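S.K.: Quick one: sequence plus predicted model below, questions after.
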Amino acid sequence: MSGVGKGIASSSIAKILQAKGFRVTALKIDPYINVDAGTMNPTEHGEVFVLDDGDETDQDMGNYERFLGVNLSRVNYMTTGRVYEEVIRKERNLEYKGKNVEVVPDIPIEVIGRIERAAEKANAQITVVEIGGTVGEYQNIIFLEAARMMKTKNKDGVAFVMVSYLPIPSKVGEMKTKPTQYAARTLNSAGVQADFIVARSEVPLDQKRKDKIAIFCNIPSDHVISAPDVESIYDVPLNFEKDHFGEELLKVLCLPVRSKTNLDSWKRFVRKTKNGKKTLNLAIVGKYFDSGDFVLSDVYISVLEAIKFSAYAVGMKPKLTCINAKDFETGKIKTSILSQYDGVIVPGGFGEKGVEGIVLAIKYVRLKRIPFFGLCYGMQLAVVEFSRHVCGLKDAHTTEIKGDTKHPVIDIMPEQKKHMKDAHFGGTMRLGSYPAILRKGSVAEKAYGLTKIFERHRHRYEVNSEYVELIEAKGMLFSGKSPDNRLCEIAELSRKEHPFFLATQFHPEFKARPFFPHPLFTAFMKAAQKKSKLPLRNRSSTK
Ligand code: GLN
C-alpha cells in the first residue's frame, strides 16, 4: 500500500546490488492517468521531484537518486497517462500497421519497452522497477500484466518482491500475517508469484512469522525479509544485508553471487547520521502542511534530506519544526517564535495561501538576523518583502497573486504568458537544469567555490528585470544570473548586513546527496551552527 515504504525498499535493493558491483538503475511506475506529477496538488501527492531533464516526477525518484548517487532521466519514470499517450500517438501514426490496438497486450508491451529502454540508457545490468499503488487495485493491473509477461519470456531474468505491512493491533499485541497472505494470493491472481516478501512492521519479524509467511505465501523462509521501522531510512540497506537479501536476489536472477557488499562509505555516512552531538533547531515555514488533522512533511522531502546531509556534514543533528505560514497571517502564532530557531527555511510553492504569512516571517528573520534560506517561491517572496520594506515599494508583489499590482517585482516570464493563456499547464514551466553564473566574492560563490553552476528549476515567474537596479542599490545582491544576464538566480544580503540571508530561484535540494551535501545548504547550516552557539539572550539581536 502507499506509504508502506516501497520507495525506500526499492532504493535499498538497488543500493545493495550496486554495492555488490553491479550497474543498477531504478524506474518508478505511477498508475495514474496524469502524464507526470507536475499537475498534482502537493498535499495530495507529496513532493514533485524534478530531474535534470526537467521531468516532473514522484518523490521516490529522489530517493533513487540519493541512494544510488546518480542522475536519472525521464525514461526512468512512467505513468499510465504517459503509456497511453504514447500508444495512442503510435496508433495515430500508423505504427501498428493497421492492427487492432488492444489494452492487452499492447499497453503492457509499451510498458516493457520502456523498462528495457531505461535499462539500455543506463547500461544497467539490473533494473529495479517499482510499481506504485496496492496489489488488487484495478489501476495497476496492466503493469502487473507487463511484469508477468516479462517473467514468462525471461524466467531467470526477473525477480518479484512484494512489500507488505504486518500490523500489530494494539488490543491483540501480536503481529498479524493474514493481510500479507491475502496480498500474496491477490498477486497470484494476476499471475505473479512473489519471490521475496519484504515484511514491513514496527518491529523485526520472528522466525515463527517468517515460517508462516513462507508456507502461506509459497516462498522459502529465507526469502522473507524483515523490515522493521528504523530511525533513519538510510539504515534500510544495512538491515537488508543482515538477511542476505542481495545474495538471495542474485541467486534468483541467476547472476554471479557476490557475497561481498561494499557498503563501507554508506556505513560511514549512516554513522554520521547518528553521531551529531549538538542539535540545530530549524524551522521550515511552508504552506503545504495540512492534510485533515495530519501534518505532512512529505511535500518537502528533498528539502528535509538536503538539510540532514548538510547538518551531518557539520557534525550537527537537525531538529526540524514545520510551521504553517497561514498561522502567522491569522495571528495564531507570532513571528517572534522564529527567534527560537537557529535558522529558517522557506521552501517552494504556488498560489496565494500563506503568502502574507511568509512575507511576515521573512521580514522578521531579516531584521532579527536569523539565518534564512529561501527556495524558489522563498526567493521570490524574499524579493517582495525587501521591495516593500526596504525599497519603499509598499504594494510590491508577485503577479502570480496580484496581477494588477503597481510594483510587479516578480512577474511572469514572457515565454510563460502564452502557456497560461492557452491553459497549457502540464510540463510547461521553466523546468530542469540550467546554468547560472555567480558573482565573484559573493556568499554564493564562496559557498560553491565555483563561478558556473547547474541547478534544477521549476517556476513560471521571475524577478522583474526592471526592478533589479533599484533593489541592488538598496543592498540586495543578485549574485547568480543566467549566462545571458536576463534571469536572477540567487538573491543575497552581504555578510556585513546579515549572518546568512540567501535565496535561490532554483531548487538546490534536488541535487543534495548523502555523499555530496549541497554547498548552499552547508553554508546555511554553518551560519545556523554559529547562532546555536550564541548565548540565548543574544540570539535574535537587531543590528
Ligand atoms: N510559484 C512560483 C513560480 O511559479 C514559484 C514556484 C516554486 O516555488 N517552485 O514561479
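M.R.: Received it, and whenever you're ready, just let me know what you need. Residues are numbered from 1 along each chain as shown.
S.K.: Pull up the residues of this structure that are close to the ligand.
M.R.: Gly348, Gly349, Phe350, Cys376, Tyr377, Gln380, Glu400, Arg458, His459, Arg460, Tyr461 (C-beta under 6 Å from any ligand atom). Glycine gets a C-beta too; all of them are placed from N, C-alpha and C.
S.K.: Take these and keep only those in strands.
M.R.: Counted as lying in strands by DSSP state E, out of the residues of the chain next to the ligand, are Arg458, His459, Tyr461.
S.K.: Sketch out the strands for the stretch 151-300 of the chain, chain order is fine.
M.R.: 161-165, 196-201, 224-228, 278-286, 290-291, 294-295 (DSSP state E, counting those that start in this stretch).
S.K.: list the helices and strands the helix or strand just after the last one packs on?
M.R.: As assigned by DSSP states H and E, the chain's next helix or strand after strand 294-295 is helix 301-313. For helix 301-313, the elements it packs on are helix 59-68, helix 264-275, strand 278-286, strand 316-324, helix 519-533, judged by 3 or more C-beta pairs under 8 Å, 6 or more residues apart in numbering; DSSP states H and E.
S.K.: What ranges does the stretch 351-500 of the chain have for its helices?
M.R.: Remark: helices assigned in the stretch 351-500 of the chain by DSSP state H, counting those that start in this stretch are 355-367, 377-389, 414-421, 443-448, 468-473.
S.K.: no wait, the stretch 101-250 of the chain
M.R.: 103-121, 141-153, 178-189, 207-217, 236-242, 245-252.
S.K.: Contact partners for Phe373?
M.R.: Gly343, Val344, Ile345, Val346, Phe500, Leu502, Ala503, Leu520, Phe521, Phe524 (C-beta atoms under 8 Å, 6 or more residues apart in numbering).
S.K.: same check, this time on Gly374
M.R.: Neighbours of Gly374 in contact, by C-beta under 8 Å, 6+ apart: Ile345, Val346, Ile362, Leu381, Ala382, Ala491, Leu502, Ala503, Thr504.
S.K.: picking that back up, any chance of the helices of the stretch 101-250 of the chain in TSV, with mean pLDDT, distance to Arg369 and mean neighbour count too?
M.R.: Output for those, formatted as TSV (pLDDT from 0 to 100; distance: least, C-beta to C-beta, whole Å; neighbours: other C-beta atoms under 10 Å):
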stretch	mean pLDDT	distance to Arg369	mean neighbour count
helix 103-121	97	48	17
helix 141-153	97	52	19
helix 178-189	96	53	17
helix 207-217	96	55	17
helix 236-242	95	40	19
helix 245-252	96	49	20
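S.K.: could I get those helices as CSV with distance to Ser226?
M.R.: Compiled in CSV, the helices of the stretch 101-250 of the chain are given as follows (distance: least, C-beta to C-beta, whole Å):
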stretch, distance to Ser226
helix 103-121, 28
helix 141-153, 24
helix 178-189, 12
helix 207-217, 7
helix 236-242, 7
helix 245-252, 10
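S.K.: which stretch among those helices comes nearest Asn41?
M.R.: helix 141-153 (23.6 Å; C-beta to C-beta).
S.K.: so what secondary structure elements neighbour the closest one?
M.R.: Looks like helix 141-153 contacts helix 103-121, strand 126-131 (3+ C-beta pairs under 8 Å, 6+ apart).
S.K.: I'd like these as a markdown table, with distance to Arg439 appended.
M.R.: Below are the helices and strands packed on helix 141-153 laid out as a markdown table (distance: least, C-beta to C-beta, whole Å):
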| stretch | distance to Arg439 |
| --- | --- |
| helix 103-121 | 37 |
| strand 126-131 | 42 |
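S.K.: can you count the residues close to the closest residue to the ligand within the stretch 151-300 of the chain?
M.R.: Residue nearest to the ligand within the stretch 151-300 of the chain: Lys287 (10.0 Å; C-beta to the nearest ligand atom). Counted with other C-beta atoms under 10 Å, the neighbours of Lys287 add up to 24.
S.K.: okay, the helices and strands packed on helix 301-313, which one's buried deepest?
M.R.: helix 59-68 (a mean of 25; mean count of other C-beta atoms under 10 Å).
S.K.: quick one, that one and helix 301-313 angle?
M.R.: Relative orientation of helix 59-68 and helix 301-313, computed by axes from the mean of the first three to the mean of the last three C-alpha atoms, to 10 degrees: 30 degrees.
S.K.: So what touches helix 59-68?
M.R.: Here helix 59-68 has contacts from 6-8, 10-12, 14-15, 18, 24-26, 28, 46-49, 51, 70-72, 76-77, 130, 132, 233, 237, 298, 301-302, 305, 510, 512-514, using C-beta under 8 Å, 6+ apart.
S.K.: taking these one by one, which sit in strands?
M.R.: Those of these lying in strands (DSSP E): Val24, Thr25, Ala26, Lys28, Val48, Phe49, Tyr77, Glu130.
S.K.: neighbour-wise, which of these leads?
M.R.: Ala26 (30 neighbours).
S.K.: Isn't it up against Ser10?
M.R.: Yes. Counting by C-beta atoms under 8 Å, Ala26 does reach Ser10; the two are 6.0 Å apart.
S.K.: Quickly list what's touching both of these two.
M.R.: Counting by C-beta under 8 Å, 6+ apart, the residues touching both Ala26 and Ser10 are Tyr64, Val128, Glu130.
S.K.: now, which of those sits nearest the ligand?
M.R.: Tyr64 (21.2 Å).
S.K.: What is the neighbour count of the closest residue to the residue of the stretch 151-300 of the chain closest to the ligand other than its chain neighbours?
M.R.: Of all residues not flanking Lys287 in the chain, Gly354 sits nearest, at 3.7 Å (C-beta to C-beta, 6 or more residues apart in numbering). When counting by other C-beta under 10 Å, one arrives at 23 neighbours for Gly354.
S.K.: Please name the residues that touch Gly354.
M.R.: With C-beta under 8 Å, 6+ apart, Gly354 has these contacts: Gly286, Lys287, Asn324, Ala325, Lys326, Glu329.
S.K.: Figure out the length between the terminal residues of stretch 93-102.
M.R.: End-to-end distance for stretch 93-102: 16 Å, by C-alpha to C-alpha, to the nearest Å.
S.K.: State the mean pLDDT of it.
M.R.: For stretch 93-102, mean pLDDT is 96.
S.K.: pLDDT weak spots in the stretch 401-543 of the chain?
M.R.: Residue ranges of the stretch 401-543 of the chain with pLDDT under 70: 535-543.
S.K.: and if we set it to 50?
M.R.: Counting by pLDDT under 50, the stretch 401-543 of the chain has low-confidence residues at 541-543.
S.K.: do the stretch 251-400 of the chain as well
M.R.: 293-294.
S.K.: Which residue is the nearest non-sequential neighbour of Leu263?
M.R.: Using C-beta to C-beta, 6+ apart, the closest residue to Leu263 is Ala19 (4.8 Å).
S.K.: Now for the one you found: which residues touch it?
M.R.: Per C-beta under 8 Å, 6+ apart, neighbours of Ala19: Pro237, Gly246, Thr261, Asn262, Leu263, Trp266.
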